[in-house]
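Attaching a predicted model along with its sequence, questions to come.
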Amino acid sequence: MSKRWTVTAGLILAAAWTARPPMSAGQEAGIPVGSKAPLVSVHDLDGKPVDLGQWIGKRPVFLEFWASWCTNCAALLPTVKAAARRYGSRIEFVGINVAVNQTPARARKYLETEHPPYRALYDDQGASTRAYHVPGTSYVVIIDARGTVVYTGFGGSQAFEAALRKATAG
């Protein structure tokens, strides 16, 4: 990824984030609830492509778009860890680093110190960020086993328990 792309993506995300109206926890933003989840490929921290289609449409998926500098992500982390303890064997937990003002090394350091309960990916090309219309970090998308988005939320305090139950019920 070029430095110019990183700076441009950072400026676009920052402008979109500051221009958006305030949202309450759990309010729909980005990809609409009820739509089919996009099947995109995102890199892992070693630069290898990972196809989200290996899980989406096959089992429930919890996606969180995060960054190591995100205070909302830090605030949300205990809730995500609790959800992973409850649903870990029934839901694929995936954390997608938005790669804005991030490096793989910085993301790895965060993962080593905070131990989030998800498979970590690194969206250095912006593929998933664009496909899911991500409004900012701490954005959560929950997808049922049929590949349908059943929840989107934004912020450090989200109530997604009902969506997790719904995603694992069918």
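Yes, it's here. Remember, predicted model here, so these are calculated numbers, not experimental data.

Doesn't S128 lie inside a helix?
Yes - the assignment for S128 by DSSP: H, G, I helix; E, B strand; the rest coil puts it in a helix.

correct me, but T137 touches C70?
Yes - in this structure T137 lies within contact range of C70 using Cβ atoms under 8 Å: 3.9 Å. All C-beta atoms are positioned from the backbone trio N, CA, C, and that covers glycine.

Can you find the helix or strand of the protein with the lowest average pLDDT?
Within the chain, confidence by mean pLDDT, DSSP states H and E is lowest for helix 3-19 among all helices and strands, at a mean of 43.

after it comes which helix or strand?
As assigned by DSSP states H and E, the chain's next helix or strand after helix 3-19 is strand 41-43.

which secondary structure elements does that following strand contact?
strand 49-51, strand 119-122, helix 127-131 (3 or more Cβ pairs under 8 Å, 6 or more residues apart in numbering; DSSP states H and E).

Using PDB, write down the CA coordinates of the last one.
Provided in PDB are the C-alpha atoms of helix 127-131 (Å, rounded to 0.1, in the frame of the first residue of the first chain):
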ATOM      1  CA  ALA A 127     -12.000  -3.500   0.100                       C
ATOM      2  CA  SER A 128     -14.200  -4.300   3.100                       C
ATOM      3  CA  THR A 129     -14.400  -0.700   4.300                       C
ATOM      4  CA  ARG A 130     -15.900   0.300   1.000                       C
ATOM      5  CA  ALA A 131     -18.100  -2.800   0.600                       C
END
